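K.L.:
got a predicted structure here, sequence first:
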Amino acid sequence: MISRILEKPLKFRKSFFLLGPRGTGKTSWIKAHLKEIIYIDLLDTEVYTQLLANPHRLVDLIPKSYKNWIVIDEVQRIPELLNEVHRLIESERYLFVLTGSSARRLRKRGINLLAGRALVYHMHPLVAPEIGSSFDLQKSLSYGLLPAILSEPNPSGYLKSYVSVYLREEVMQEGLTRNLAVFSRFLEVASFSQGQVLNMSAIARDASTSQKNISNYFEILEDLLLGYRLPVFTKRAKRQTIQHPKFYYFDVGVYQTLRPKGYLDVISEIEGAALETLFLQSLRAFNDYEELDYQFYYWRTPAGVEVDFIAYGSRGFFAFEIKRSSHVSRTDAKGLLSFQQEYPEAKLYLIYGGEQRYYFNQIEVIPLKEILFTLPDILKGQAAS
């Protein structure tokens, strides 16, 4: 069994939200760590129907003076339940774990309602240290790091089903869009923008819909925790930079599944975006699990000189450039060197597909597989020099 890094929620006997895309292991984590709980599954039709009709019936599922954890799985399906959760936390001091795979309703009605009464944590796909010596870089780049992939005999089929289930159960049932066919086409078109600066008009044209719809669709992806927009880094900028964000699906396997591949496709572009995605999803996971409070960006000059990822926070300031090649030279560090001229305080890392660690002056050159294991120490300032 995989041992997850997430431990913070259990250090306090306080109600909490556990948010994350479906299939990232929220329910498995709860059942592994919390015993003799009351488990209320809102994917169970009978339970869902009963509580949807009358959220006040929640109290009927809890014994009087109950002292252990009460888990409500997929709580976003009935956001009105949060009124009852609020009341029961206040009146009975009950402890709730509220899981969700969509932040859309919770952001508007739930988390604000319970502010201060329930902490918020996030579950991500697996990271390399959780898998340990069994970590397979090439498999991870092809199929991602959803937990089921490790034991799935048909990972490609699993991922196709995963995407289909999300469309059916999250998008259609929640009524997030009126035209599921156009949204499905958008998902495919958006995959061509993986790791790219977003051009909304071009995406709208390719998806045969309006820019307003495209803007709404990207918000839906973020609300469903399926996608992430990376803003440009502009702090103390000496020259104007491009302001449009980049886009990434949350897991490299989901990206690979949605991204059409044909004879004329440039494989290096697909593989380059996959490397960036794997690194970014690990970066975001460690940041959440360790509560490091970094903000993430990319950097680009008007001339097109770029750094893939900037991590900025009170603990440190880092710039990461990702290269798929197994061999790199100083010319591959052009973006990092330009960034250093404007931000000499930043620590610089060139990540590549080779095996050897070395240095270009102040730039540390680290193999991708190695940094996926050592990234937590780097972010916490504990990396070996």
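P.N.:
Received the coordinates, thanks.
K.L.:
Val328 against Gly354, yeah?
P.N.:
Yes. The criterion here is Cβ atoms under 8 Å, and Val328 meets it with Gly354 at 7.2 Å. Quick note: C-beta positions are derived from backbone N, CA and C, even for glycine.
K.L.:
just the CA atoms of stretch 346-359, as CSV, please.
P.N.:
The C-alpha coordinates for stretch 346-359 follow below in CSV (Å, rounded to 0.1, in the frame of the first residue of the first chain):
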residue,chain,number,x,y,z
ALA,A,346,16.9,33.7,-7.1
LYS,A,347,18.4,30.2,-7.0
LEU,A,348,18.6,28.7,-10.5
TYR,A,349,17.9,25.1,-11.6
LEU,A,350,18.2,23.5,-15.0
ILE,A,351,16.3,20.2,-15.1
TYR,A,352,17.0,17.8,-17.9
GLY,A,353,16.5,14.2,-19.0
GLY,A,354,20.0,13.0,-18.3
GLU,A,355,21.7,11.2,-15.4
GLN,A,356,24.5,13.4,-14.1
ARG,A,357,24.2,16.4,-11.8
TYR,A,358,26.6,19.3,-12.4
TYR,A,359,26.9,23.1,-12.4
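K.L.:
what residues sit buried inside that stretch?
P.N.:
346-354 (16 or more other Cβ atoms under 10 Å).
K.L.:
among these, which ones are in strands?
P.N.:
347-352 (DSSP state E).
K.L.:
ranges for the strands of this structure?
P.N.:
Using DSSP E, strands in the chain cover 16-19, 38-41, 69-73, 95-100, 119-122, 227-230, 246-249, 295-300, 306-312, 317-322, 347-352, 358-360, 363-367.
K.L.:
could you find the closest non-adjacent residue to Ile2?
P.N.:
Glu130 (5.5 Å; Cβ to Cβ, 6 or more residues apart in numbering).
K.L.:
nearest to Glu170 among the ones in strands among the buried residues of stretch 346-359?
P.N.:
Of all these, Glu170 sits closest to Ile351, with 32.7 Å by Cβ to Cβ.
K.L.:
which residues does the closest one form a beta bridge with?
P.N.:
Beta-bridge pairing for Ile351 (DSSP bridges): Ile322, Ile366.
K.L.:
how near is it to Asp332?
P.N.:
10 Å (Cβ to Cβ, to the nearest Å).
K.L.:
give the residues shared as contacts by the two.
P.N.:
321, 323 (Cβ atoms under 8 Å, 6 or more residues apart in numbering).
K.L.:
per-residue pLDDT, Val182?
P.N.:
According to the prediction, Val182 has pLDDT 86.
K.L.:
unless I'm mixing things up, it is touching Ser210, no?
P.N.:
No. The pair Val182 / Ser210 is not scored as a contact, 9.9 Å apart, by Cβ under 8 Å.
K.L.:
so these two - more neighbours on which side?
P.N.:
Neighbour count, other Cβ atoms under 10 Å: between Val182 and Ser210, Val182 has more, with 16 against 12.
K.L.:
what about the biggest helix by length in the chain, distance to the chain center?
P.N.:
When the chain is parsed with DSSP state H, its longest helix is helix 267-289. In terms of Cα atoms, centre = their mean, to the nearest Å, the gap separating the centre of helix 267-289 from the centre of its chain is 10 Å.
K.L.:
mind listing what's buried along it?
P.N.:
Quick answer for helix 267-289 (16+ other Cβ under 10 Å): 270, 272-289.
K.L.:
repeat for stretch 180-197
P.N.:
182-184, 186-187, 189-195, 197.
K.L.:
what's the answer for stretch 93-100, then?
P.N.:
Applying 16+ other Cβ under 10 Å to stretch 93-100 flags 94-100 as buried.
K.L.:
next: stretch 200-207.
P.N.:
203-204, 206-207.
K.L.:
shaky segments in this structure?
P.N.:
The chain contains residues with pLDDT under 70 at 1, 107-116, 167-169, 172-177, 236-242, 263-266, 383-385.
K.L.:
so what's the residue nearest the centre of it up against?
P.N.:
Centroid-nearest residue in the chain: Phe250, 4.3 Å away (criterion: Cα atoms, centre = their mean). Phe250 sits next to 21, 124-125, 225-228, 281 when contact means Cβ under 8 Å, 6+ apart.
K.L.:
what would these look like in a markdown table with distance to Asp60?
P.N.:
Putting the contacts of Phe250 into a markdown table (distance: Cβ to Cβ, whole Å) gives the following:
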| residue | distance to Asp60 |
| --- | --- |
| Pro21 | 31 |
| His124 | 35 |
| Pro125 | 36 |
| Leu225 | 31 |
| Leu226 | 35 |
| Gly227 | 38 |
| Tyr228 | 39 |
| Gln281 | 40 |
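K.L.:
tell me the one among those nearest to Lys380.
P.N.:
Scanning the contacts of Phe250 for proximity to Lys380, where the rule is Cβ to Cβ, the winner is His124, at 17.4 Å.
K.L.:
surely that closest one touches Ala285?
P.N.:
Yes. Between His124 and Ala285 there is a contact under Cβ under 8 Å: 3.7 Å.
K.L.:
ok, the nearest residue to Glu74 once chain neighbours are set aside - contacts?
P.N.:
Among residues not flanking Glu74 along the chain, Leu42 sits closest, at 4.5 Å (Cβ to Cβ, 6+ apart). The contact partners of Leu42, taken as Cβ under 8 Å, 6+ apart, are 48, 51, 72-75, 77-78.
K.L.:
quick check: phi and psi on Leu42?
P.N.:
phi -80, psi 0 (degrees, to the nearest 10).
K.L.:
many thanks, we can stop here.
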